[in-house]
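**Q** With the sequence up front, the predicted model follows.
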Amino acid sequence: MLRETIQNRAKDLLPWARDIRRHIHAHPELSFLEHNTSAYIHEQLDAMGITDRKTVAGTGIVALIKGKNADSKCVALRADMDALPIREENEVPYKSQNEGVMHACGHDVHTTCLLGAARILQENRDNFNGTVKLLFQPGEEKDPGGASIMIAEGVLENPKPSAIFGLHVFPDLPAGTTGFRSGQYMASADEIYITITGKGGHAAQPQRTVDPIAIAALVITGLQQVISRKCDPLSPSVLTFGKITGGTAVNIIPDQVKIEGTFRAMDEKWRHEAHKWIRDFIEQTCAAYGAHATIEMPPGYPVLFNDPALTANAISWANEYMGTDNVKPLEMRMGAEDFAFYTHHVPGCFYRIGTNRDGKEFTTSVHNARFDVNEDALQTGMGMMAWCAVNALSN
Ligand code: NI
């Protein structure tokens, strides 16, 4: 039974995977600067005899594992490699040695799981038909997202995968479990930069000015009407302004105010409609009061859509591999993830692996200086990735 072979091998490889994860964790690198991480992955793939590979998107790697009838079908597995600008506060032997940089989103775990899956698949390449394409991706944490660059450089062609899988650590669930959600799972995320230019002057003579602070207040509160009055209430959407700058003193009306925010949605059609509503509202409100607005909304990550047929299959494979009690449903999340780009080109399934211990330890959320994982999750992560690949190939 291939399932038992994979399960046993994932168990045996856990100490090896732990060492790899700790090495990557101790040597984190920021988005698009994953040079040493990339070199380390190349070394590991060499050691496994996975030599059919090339460098993409700067530090990214695409590698092929060819089973029997290699041309019959292709399935892709993706891991992200980058870390965050956070100073690690965990006192552990594998603490970050790169001051101010930390694997606080588990991408060290994702990379390790993909290396583990690669090793298992390479050892078993006589036991499946088709080709597994490994994608080690840079820059998940930073616009425009490493995934978009990988795709632009052709990683979804020659051969074109019929499905793609990605996983993410999840401190809300215990190690030894997985989580799935079909359809819309994570939000699109577009940054918004607004500059309102009025005319400064004395605070006591507003009639001689165009007050950009007063107009900014109208813009910020008014824009919430776009969400509450123009968006289908059954479709989640959020607009948050996290930064506003302008002015120098209590008695001076400034010339300019800058506002920065993020707009998130779960529906691509609404997302693009909303961009127009947001723009029009800002421009027309500013014009009504004699100010001028410049608006930048560069498109960020799209909605992450898990293909329903593929996800239904993945859930049944997970039930078989993990036992139904260990396969959990997931809520939608307004966070964004650049795996979404792949799901707009090929059917994708982005799932979670639990990383806490009994719901008590390792429960700190990602992007926190104290985030860490129960490393038993590596066994689940590498085994499930390999298992999903062989099933998707034979499906
Ligand atoms: Ni992440």
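**A** Received the coordinates, thanks. Numbering: from 1, shown residues only.
**Q** that's a helix at Gly154, yeah?
**A** No: using DSSP: H, G, I helix; E, B strand; the rest coil, the secondary structure at Gly154 is coil, not a helix.
**Q** Could you report the neighbour count for it?
**A** 11 (other CB atoms under 10 Å). Every C-beta, even on glycine, is put in place using the N, C-alpha and C of the backbone.
**Q** tell me the phi and psi of it?
**A** Taking degrees, to the nearest 10, you get phi 90, psi 20 for the backbone angles of Gly154.
**Q** packing partners for the longest strand seen in the chain?
**A** Counting by DSSP state E, the longest strand found in the chain is strand 163-174. Contact here means 3 or more CB pairs under 8 Å, 6 or more residues apart in numbering; DSSP states H and E; on that basis strand 163-174 packs against strand 74-80, helix 107-123, helix 339-343, strand 348-356, helix 377-394.
**Q** Show me what the last one is packed up against.
**A** Other elements packing on helix 377-394 under the criterion 3+ CB pairs under 8 Å, 6+ apart are helix 2-12, helix 14-26, strand 74-80, helix 107-123, strand 163-174, helix 308-322, strand 348-356.
**Q** and the longest strand of the chain with helix 308-322, angle?
**A** Inter-element angle recorded for strand 163-174 and helix 308-322: 50 degrees (by axes from the mean of the first three to the mean of the last three CA atoms, to 10 degrees).
**Q** Run me through the strand neighbours of whichever helix or strand comes after strand 163-174, direction for each.
**A** The helix or strand immediately downstream of strand 163-174 is strand 178-180, counting by DSSP states H and E. If you go by DSSP bridges, strand 178-180 pairs up with strand 327-329 (parallel), strand 348-356 (antiparallel).
**Q** Now find how far off-centre the first one is within its chain.
**A** I take that to be strand 327-329. 20 Å (CA atoms, centre = their mean, to the nearest Å).
**Q** Can you list the buried residues in that strand?
**A** The neighbour-count check on strand 327-329 (16 or more other CB atoms under 10 Å) flags Val327, Lys328 as buried.
**Q** now swap in the last one and tell me
**A** Under the neighbour-count criterion of 16+ other CB under 10 Å, strand 348-356 has Gly348, Cys349, Phe350, Tyr351, Arg352, Ile353, Gly354, Thr355, Asn356 buried.
**Q** quick one: contacts for the closest residue to the first one other than its chain neighbours?
**A** Read that as Gly348. Distance criterion CB to CB, 6 or more residues apart in numbering; nearest residue to Gly348, sequence neighbours excluded, is Ile164 at 4.7 Å. Ile164 is in contact with Val75, Ala76, Leu77, Arg78, Leu135, Leu156, Tyr342, Thr343, Val346, Pro347, Gly348, Cys349, counting by CB atoms under 8 Å, 6 or more residues apart in numbering.
**Q** can you tell me which of the strands paired with strand 178-180 comes nearest to Ala147?
**A** The closest of the strands paired with strand 178-180 to Ala147 is strand 348-356. By CB to CB, the value is 10.5 Å.
**Q** just to revisit the earlier point, can you put the helices and strands packed on strand 163-174 in a markdown table and add mean pLDDT?
**A** Below are those laid out as a markdown table (pLDDT from 0 to 100):
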| stretch | mean pLDDT |
| --- | --- |
| strand 74-80 | 98 |
| helix 107-123 | 98 |
| helix 339-343 | 98 |
| strand 348-356 | 98 |
| helix 377-394 | 98 |
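**Q** Out of those, which gets nearest to Glu43?
**A** helix 107-123 (10.4 Å).
**Q** if we can go back for a sec, so what pLDDT did the residue nearest to Gly348 get?
**A** pLDDT, Ile164: 98.
**Q** Next: the one 10 residues further on.
**A** As summarised for this prediction, Pro174 has a pLDDT of 98.
**Q** so who does it touch?
**A** Gly354, Asn356, Arg357, Asp358, Gly359, Asn374.
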